[in-house]
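# Provided below are the primary sequence and the corresponding predicted coordinates.
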Amino acid sequence: MTDRTLLDHISRLPHGKATFKQLVKELGAKGVPRAELEPVLDRLAEAGDLVELRSGHFVLTANSREFSVGRLSKHRDGYGFLVADKPMQGVVGDIYIPTASAEAAMHGDRVLVRVSRIEASGRADGEIVSVLKRANATVVGEFRVVKRGNFVVPHDERLRDWIEIPEGMEIPPRPAETDRVGIAPLKIEKPEDLDGFIVNVEILEYPANGESGAGRVIEILGRPGDFGIDVEIVIRKHHLPHRFPGEALAQAAGIPEALSASDLEGRRDFRGMDVVTIDGETARDFDDAVWVDRAPNGNYLLHVHIADVSHYVRPGTPIDLEARLRGTSVYFPDRAIPMLPFELSTDICSLRPQMDRLVFSALMEFDHQGDLVAREFTPGVIRSVERMTYTNVHALLEGEAEQRERYKPLISRFELMREFAMVLNRKRVRRGSIDFDLPEPLIEFNEWGEMTGVTRSPRNIAHRIIEEFMLAANEAVAAHLEAAGPSIYRIHEQPDPKRVMEFEEIASHFGYSLGIGAIPVKKFSYADKRRDGQRQRKDVVLAEPSLRISPRHYQKLIAQIEGKPEERILSQQMLRSLKQAKYSDDNVGHFALAAKSYTHFTSPIRRYPDLIVHRLLGGAGPPAAELGPIAGSCSQSERAAAEAERELVAWKKIKFMEGRLGDEFDALATGVTKYGVFVELEDLFIEGLIPIDTLPGDRYTFRESLRKIVGANTRTEFSIGDRLRVRLDRVDEEERKLQFAVAKAERPRASSKGKRGKQGKPW
């Protein structure tokens, strides 16, 4: 008997529930013995798919109005929120878990929650019934020697509880090596020597109900100020796999670089064509190469050649299992954690110039409107003629004599690439595709991994060429696989109406709108204190709007604000109103790209879903039942990698600002809340807070209905988009926070009571 069979049976019953005795009788009549039923029930209950009520009935959690399953997100003060797997009827947002109940689990744990109260606003309270799956098998933190014993204080403040280290478990037999350099070997002879060191701990007993957990030290990473210790901490905090198993390394070492005759069997030979790679100056793994020509009928021919990782990484092998576990490569400022061993990622699979390399090729023909009229996918072999960079392609196309002379045989090819890329871009624009073409911060570091400054990441026509070609290939592959059967897609769902309306409120203060209709009027009600007495809340009752939102609404607004002072702040707020893209076996389209079908095909060296797509194209994909779980785990890996990358960069920014206390900066107000004004330094892309009680010249309160902070006497306002001159007052390295103060008010802006007219000048 399968799990799905039992779930389907219960879901079809009256009221969607049944007792164990009832299930034994009904399923027994269908030939399912009691001994077979019991383990299935236990397994589904442990997974949170079924829950047993006090009445003895089993009910599907997904259909219950009393229970919900999801991930616990804890606050450092102890309370938490359940981020539910599926929305619950009548509930808006996450479910609040008070401190007394949240103590039963750790941050990130998968838990089953009983919903105890749902208010008129849709906000809900709940209590943890059970922990379904632990998120933290290990914890990284600082070793402390105190009177009552030895403990590790978790680096992640949301974990809160100290982990006790029993006698004899303080020093690992062989401390694991790290990737740091310039550090003298550690000499730890007794537990007292570890005081103040950063260690990694395996949890043996989880903390619960205010009691400390217990664990053993498995790694001694170094002292807090050691070179590279920040990377080591972040890797372990986010549980990123970073050491390849011996079996995977042995397999990689045994793969020959030279191609044999059998490697070339059944492959198209593209080695006589002037195929090129175009990447950044510091790139080391080249997984895509391109070629463009004009067909005899005047159409455009586009070849996108992608490293054929699937030829070397076969399903179920040690490298494949590790790649699936990692899901993605992770890129830090001073190092990377590759998805594949270096022998593959930077050598055998990398499309290095003047070397024969195996590829999986997308061969496409487009008409002059950018419409795809023919497609073919085939294994191939190429020999890239040049390793181009975005910089030298841009220089060549801009007419720089030195670059045009150096790459003279390729000039016409690159000029045709530019022409065709703009055809593809115009096609995307016509259908409504969103393009946030904002400069990204490029953080500069010295040889010791210390931040030295920030510049704007260059973006030129060469970036546009590769972006358009990769988008075209991914769409063509997605359409082909969708017609062939089950697949993995890169989906981007419709935005949440509530987020869209919140953005509309912000945009309206600048005189803009997405053009989706009137904003519903907010009504405010005041709730009683939380049962644990920790906080009081004001509820916002907002009817769920029925929106007909399309990417074209965003596209039009982006065009309106282009080049305006408010472009960056509104673009950031627009991005926040959209959902995150993810992987799925259910194709719901890609909202931002205005694409009916989209997938990831172009980066199998660094993304596991791309490798699965290659296997599907080659007819050797996994069973359909595995595609959903693979998509889910890869989405989780992608989020963990992104969070780790952001955290490390934020940490390095904090270290950079430590020496700038008292300095003044130009800043942009990116948010206003009851806590104060959040600002971003305009030249450094560094964020911080001006606390509301430090704002000068008045007593200020936050007006949620206006999304403004207003002075009680002067009526001076602070709003999103204000430009301020700020002074750095405090650097909190432990909490990774910066505190600023308003340096001077050039022209205070007063509001007119009850009037919402044109805004005055910002600071």
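Structure received.
# now the most centrally placed residue in the chain, what's its secondary structure?
Closest to where the C-alpha atoms of the chain average out (CA atoms, centre = their mean) is Arg639, at 3.2 Å. Per DSSP: H, G, I helix; E, B strand; the rest coil, the local secondary structure of Arg639 is helix.
# how about it, what does it touch?
Neighbouring residues of Arg639 by CB atoms under 8 Å, 6 or more residues apart in numbering: Gln580. Bear in mind the C-beta positions are built from the backbone N, C-alpha and C, glycine included.
# Please enumerate the strands of the stretch 401-550 of the chain.
Along the stretch 401-550 of the chain, counting by DSSP state E, counting those that start in this stretch, strands occupy 441-445, 451-456, 489-491, 523-526, 538-541.
# before we move on, what about the stretch 651-763 of the chain?
Counting by DSSP E, counting those that start in this stretch, the strands of the stretch 651-763 of the chain are 664-673, 676-681, 687-691, 700-703, 708-711, 717-719, 723-732, 737-744.
# how about the ones you listed in CSV, adding distance to Ala62, mean pLDDT and mean neighbour count?
What follows is the strands of the stretch 651-763 of the chain, written out as CSV (distance: least, CB to CB, whole Å; pLDDT from 0 to 100; neighbours: other CB atoms under 10 Å):
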stretch, distance to Ala62, mean pLDDT, mean neighbour count
strand 664-673, 34, 93, 20
strand 676-681, 37, 95, 22
strand 687-691, 38, 96, 20
strand 700-703, 38, 95, 17
strand 708-711, 41, 94, 21
strand 717-719, 42, 92, 23
strand 723-732, 42, 95, 17
strand 737-744, 39, 92, 18
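# Need those strands in CSV (columns: distance to Arg268).
Shown next, in CSV, are the strands of the stretch 651-763 of the chain (distance: least, CB to CB, whole Å):
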stretch, distance to Arg268
strand 664-673, 51
strand 676-681, 50
strand 687-691, 50
strand 700-703, 64
strand 708-711, 62
strand 717-719, 59
strand 723-732, 57
strand 737-744, 55
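# Could you point out which of those sits nearest Ile188?
strand 723-732 (30.0 Å; CB to CB).
# And the chain, what are its domain boundaries?
Domain ranges of the chain: 3-62, 65-133, 138-237, 247-489+599-647, 661-744, per automatic domain parsing.
# Quickly find the element holding Val359.
strand 356-366 (DSSP states H and E).
# tell me which strands and helices that strand is in contact with?
Contacts defined by 3 or more CB pairs under 8 Å, 6 or more residues apart in numbering; DSSP states H and E place strand 356-366 against strand 300-307, strand 372-383, helix 411-431, helix 461-484.
# who does that strand pair up with?
If you go by DSSP bridges, strand 356-366 pairs up with strand 300-307 (antiparallel), strand 372-383 (antiparallel).
# Identify, out of the ones you listed, the most deeply packed stretch.
Highest mean neighbour count among those (mean count of other CB atoms under 10 Å): strand 300-307, with a mean of 25.
# same question for that strand, mean pLDDT?
Strand 300-307 carries an average pLDDT of 98.
# pull the CA atoms of it into PDB?
C-alpha atoms of strand 300-307 as PDB (Å, rounded to 0.1, in the frame of the first residue of the first chain):
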ATOM      1  CA  TYR A 300      18.700  34.300 -38.000                       C
ATOM      2  CA  LEU A 301      20.400  31.100 -37.000                       C
ATOM      3  CA  LEU A 302      21.400  30.800 -33.300                       C
ATOM      4  CA  HIS A 303      23.500  28.000 -31.900                       C
ATOM      5  CA  VAL A 304      23.800  27.800 -28.100                       C
ATOM      6  CA  HIS A 305      26.300  25.200 -27.100                       C
ATOM      7  CA  ILE A 306      26.200  24.100 -23.400                       C
ATOM      8  CA  ALA A 307      28.800  21.900 -21.600                       C
END
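# between it and helix 411-431, how many degrees?
Using axes from the mean of the first three to the mean of the last three CA atoms, to 10 degrees, the direction of strand 300-307 lies 100 degrees away from that of helix 411-431.
# List of residues touching whichever helix or strand comes after strand 300-307?
Where DSSP H and E defines the elements, the next helix or strand beyond strand 300-307 is helix 309-312. For helix 309-312, contacts defined as CB under 8 Å, 6+ apart pick out 255, 263, 287, 319, 340, 344, 348-349, 358, 360, 379, 604-605, 610-611, 614-615, 618, 620.
# Helix, strand or coil: sort out Arg76 for me.
coil.
# ugh, wrong one, Lys30
Per three-state DSSP, Lys30 ends up coil.
# So what's the predicted local confidence for it?
79.
# burial count for it?
9 (other CB atoms under 10 Å).
# Roughly how far does Arg144 sit from Ser260?
Distance, Arg144 to Ser260, using CB to CB, to the nearest Å: 58 Å.
# Give the residue from the two that has the larger number of neighbours.
Taking neighbours as other CB under 10 Å, Arg144 and Ser260 compare with Arg144 leading, 16 against 8.
# could you say which helix or strand contains the more buried one?
Short version, using DSSP H and E: Arg144 is in strand 138-146.
# And Gly70, by the same measure?
Applying DSSP H and E, one finds Gly70 within strand 67-74.
# With Arg324 instead?
helix 318-326.
# Outside of that helix itself, list whatever touches it.
With CB under 8 Å, 6+ apart as the test, helix 318-326 has contacts from 240-241, 244-245, 247-248, 250-252, 312-314, 337, 339-341, 344, 608, 611, 630, 633, 637.
# just stretch 675-694 next, same as before
441, 453-454, 653, 656-657, 665-672, 674, 695, 700-702, 709, 718, 722-724, 726, 728-729, 737-742.
# measure that stretch end to end?
10 Å (CA to CA, to the nearest Å).
# chain center to that stretch, what's the gap?
24 Å (CA atoms, centre = their mean, to the nearest Å).
# Wait, Glu192 touches Val145, no?
Yes - using CB atoms under 8 Å, Glu192 is in contact with Val145, at 5.6 Å.
# Those two: which is more packed in?
Val145 (15 against 11).
# Just give the nearest non-adjacent residue to that one, would you?
Asp195 (4.3 Å; CB to CB, 6 or more residues apart in numbering).
# Check Ile466 too.
Ile278 (5.3 Å).
# which secondary structure elements does the helix or strand the one you found falls within contact?
Following DSSP H and E, the helix or strand that holds Ile278 is strand 276-279. Counting contacts by 3+ CB pairs under 8 Å, 6+ apart, strand 276-279 is packed against strand 288-294, strand 386-389, helix 390-397, helix 461-484.
# again, 7 Å this time
Counting contacts by 3 or more CB pairs under 7 Å, 6 or more residues apart in numbering; DSSP states H and E, strand 276-279 packs against strand 288-294, strand 386-389, helix 461-484.
# okay if I get these as TSV plus mean pLDDT, mean neighbour count and distance to Ala105?
As requested, the helices and strands packed on strand 276-279 are exported to TSV (pLDDT from 0 to 100; neighbours: other CB atoms under 10 Å; distance: least, CB to CB, whole Å):
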stretch	mean pLDDT	mean neighbour count	distance to Ala105
strand 288-294	98	20	43
strand 386-389	96	19	49
helix 461-484	97	21	39
